[in-house]
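# The following block contains a protein sequence and its predicted model.
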Amino acid sequence: MEMNEIKILIIEDSRADAELIEYEIRKGGVSFSAKRVDEREDFLRELEEFKPDLILADYTLPSFNGMEALSLLMEKSPDLPFIFVSGTIGEEKAIEGMKQGATDYVLKSSLSRLVPSIKRALKERQERADRKRAEENLRKSEEHYRILAEEAQKSRDAFLNMLDDVSDSYKELEKLFIGLVRAMVNALDAKSRWTRGHSERVAYFATKIAEGARMNQDQVKRIHLASLLHDIGKIGTYDVLLDKPERLTTEEFEVVKKHPAQGYDILKGIKQLRDIIPFIRHHHERIDGRGYPDGLKGDEIPLGARILHIADSFDSMTADRPYRPAPGREYAISELKRCAGTQFDAEISELFLRILEKSDI
C-alpha cells in the first residue's frame, strides 16, 4: 500500500521508545512526520496545530494516560485513528479501549505488527471518509432531486393548468369558428330555398359515416368541417342557375361544375384548412373516373371526399329541387346500391346503407 506522507502524533514519555516506534514505521516503508507529547495540554495543542492523521499512544504515562487521551480525542476528532502502543496494556484493558473507540492495540514487544495496523487503520479511515462523503453526496442528491421533483410537480401543475386554460380557450375558439362557418354556409345555402339546410344535413350524414367507420375524433371533426364547407365554391355561381326551374343546359352545368375547384381556390390560402381542402375539391369525383374536376378514380380520391360524395348525393336525392320533387329515401337507397363501385365507393355505400337500416335518418 502506497501512502502520501502522514502526520503521526505519538503520546509517549520515553524518547527512546518513541524513536524505536518511528524506526519501525520508517522501516515498514511509511513516509511520515511525527511529534511526541506526554502532557494533556501539549496533546490538545498539537491536535489543533499539527493536525495529525494518526495517534499512537502508550497506555500509562506519569501525568497522562492513553485512555484519557482517547476520551479527549472522541470529543474532538472521533474519526482519527487511535492505536495503543504499550508494553503494559493487558488484553482486558485493550478490549475496553477498543470499546471506547480505539482502532487497535500493539504491544511494544511485537512492533512488527505496527505498520500493518497503521496501514489498516488509515485505510479504514479513508473508507469511512469516502462512505461518509458518498452518503453526504447521496443526501445532497436526494435533496436536490426532491427539490427538482417539487419544482417539476409545481411546473407540471402549472403546465396542466395552462393546458386546461389553453384547451378551454381553444374549445371556445373552435366553437366560435364552427359557429362562423355555420353562419356563412347557412347564408350561402339560403341564397336558394332549394338548398336551405343542405350543408348542415350533408355534415350530419358524413359525420355518421365517419363515426361508423370508427375514425378518430380529429378525423370526424375534419369530415364535419369539410362537409359544412363543401359547397363554398357556389359563392361564384349565379343564383339564377341555382333556382332554374328546368334542367340545366350542358353549358350551364359546366358552370356549376366549377364550384369544387372554386371552393379549393377560396380556401387554399388558409393553412388551418389544408387537411380538408382536398375533400372539398374532389367531392364530385367518381370511383370510375367520370367525375369532376380532375377525373380521379378509385383510391386516387381522398377518403373524406368519397364520404362527402355519398352524403351530398343522398341529401340531393332526398330533397326537392326547382326542376323536380325529391325522388325520396327509397330511391336514394336503390341508387346507392346500383351505383356502388361505379359512382360511389362500394364499402362506404354499404356502410351508409347499414347505418340507414339501423336509424331513422
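Structure received. Numbers count the residues shown, from 1 in each chain.

# contacting residues for Pro260?
His230, Gly233, Ile280, Arg281, His282, His283, His284, Tyr292, Pro293 (Cβ atoms under 8 Å, 6 or more residues apart in numbering). (Each C-beta comes from the backbone N, C-alpha and C, glycine too.)

# And Leu353, how far from Arg321?
23 Å (Cβ to Cβ, to the nearest Å).

# Tell me which of the two has more neighbours.
Arg321 (18 against 15; other Cβ atoms under 10 Å).

# Low-confidence ranges, the stretch 201-350 of the chain, go.
The model of the stretch 201-350 of the chain has pLDDT under 70 over residues 236-243, 245, 322-323.

# ok, now with 80
235-246, 271-272, 320-326 (pLDDT under 80).

# Return the residues in contact with the residue nearest to Arg201 when sequence neighbours are not counted.
Closest residue to Arg201 apart from its sequence neighbours, by Cβ to Cβ, 6 or more residues apart in numbering: Asp315 at 4.8 Å. Asp315 sits next to His198, Arg201, Val202, Phe205 when contact means Cβ under 8 Å, 6+ apart.

# Just among these, which is most surrounded?
Busiest of the contacts of Asp315 [other Cβ under 10 Å] is Val202, holding 26 neighbours.

# quick one: contacts of the helix or strand that that one is a member of?
For Val202, the element it lies in under DSSP states H and E is helix 198-212. By Cβ under 8 Å, 6+ apart, the residues outside helix 198-212 that reach it are 182, 185-186, 188-189, 219-220, 223-224, 226-231, 307-308, 310-312, 314-315, 319, 348, 351-352, 354-355, 359, 361.

# elements contacting the next helix or strand after it?
Using DSSP H and E, the helix or strand that follows helix 198-212 towards the C-terminus is helix 217-229. Counting contacts by 3 or more Cβ pairs under 8 Å, 6 or more residues apart in numbering; DSSP states H and E, helix 217-229 is packed against helix 114-189, helix 198-212, helix 277-281, helix 303-317.

# Go through these and find the least confident stretch.
Here those differ in mean pLDDT, and the lowest is helix 114-189 at a mean of 68.

# The contacts of Pro260 into a markdown table, with extra columns for distance to Glu335?
Listed next are those as a markdown table, based on distance: Cβ to Cβ, whole Å:
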| residue | distance to Glu335 |
| --- | --- |
| His230 | 19 |
| Gly233 | 24 |
| Ile280 | 23 |
| Arg281 | 24 |
| His282 | 20 |
| His283 | 17 |
| His284 | 15 |
| Tyr292 | 19 |
| Pro293 | 22 |
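
# Can you flag the buried ones in the residues you listed?
His230, Gly233, Ile280, Arg281, His282, His283, His284, Tyr292, Pro293 (16 or more other Cβ atoms under 10 Å).

# you'd agree the third one is up against Ala261?
No. With the criterion set as Cβ atoms under 8 Å, Ile280 and Ala261 do not qualify as a contacting pair; they are 9.5 Å apart.

# ok, Val85 - contacts?
Glu12, Ile21, Leu56, Ala57, Asp58, Tyr105, Val106, Leu107, Lys108, Leu111, Leu114.

# Arg26 too?
Phe32.

# Tell me which two of the contacts of Asp315 sit farthest apart.
His198 and Phe205 (10.8 Å; Cβ to Cβ).

# about what we covered before: quick check: the residue nearest to Arg201 vs Glu350, distance?
19 Å.

# what does Ile266 give?
Distance from Ile266 to Glu350, by Cβ to Cβ: 33 Å.

# Looking at those two, which one has more neighbours?
Taking other Cβ under 10 Å, Ile266 and Glu350 do not tie; Ile266 has more neighbours (18 against 14).

# correct me, but that one touches Asp231?
No. Checked against Cβ under 8 Å, the pair Ile266 and Asp231 is beyond contact range at 11.0 Å.

# got the contact list for the closest residue to Arg222 other than its chain neighbours?
Sequence neighbours aside, Ile276 is the residue nearest to Arg222 in space, at 5.1 Å (criterion: Cβ to Cβ, 6+ apart). Contacts were defined as Cβ under 8 Å, 6+ apart; by that measure Ile276 touches Arg222, Leu225, Ala226, Leu229, Gly304.

# I figured the first one hits Leu273, correct?
Spelled out, that is Arg222. No. Between Arg222 and Leu273 there is no contact under Cβ under 8 Å: 9.3 Å.

# Restrict stretch 80-88 to CA atoms and write it as CSV.
What follows is stretch 80-88, C-alpha atoms only, in CSV (Å, rounded to 0.1, in the frame of the first residue of the first chain):
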residue,chain,number,x,y,z
LEU,A,80,-9.0,10.0,13.8
PRO,A,81,-7.4,6.5,14.1
PHE,A,82,-6.0,5.8,17.6
ILE,A,83,-3.7,2.9,18.3
PHE,A,84,-2.4,1.9,21.7
VAL,A,85,1.3,1.0,21.6
SER,A,86,2.2,-0.2,25.1
GLY,A,87,4.2,-2.7,27.0
THR,A,88,1.9,-2.8,30.0
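
# Mind listing what's buried along it?
Leu80, Pro81, Phe82, Ile83, Phe84, Val85, Ser86.

# quick one: which of those is nearest to Lys123?
Out of the buried residues of stretch 80-88, the member with the shortest distance to Lys123 (by Cβ to Cβ) is Pro81, at 9.7 Å.

# Is Val106 located within a helix, as I assumed?
No. Counting by DSSP: H, G, I helix; E, B strand; the rest coil, Val106 is not found in a helix; it is strand.

# Can you classify Thr342 as helix, strand or coil?
Look at Thr342: counting by three-state DSSP, its state is coil.

# Check the gap between it and Arg128 for me.
89 Å.

# Quick one: the helices in the stretch 1-150 of the chain, in order.
15-27, 40-49, 66-76, 91-100, 114-189 (DSSP state H, counting those that start in this stretch).
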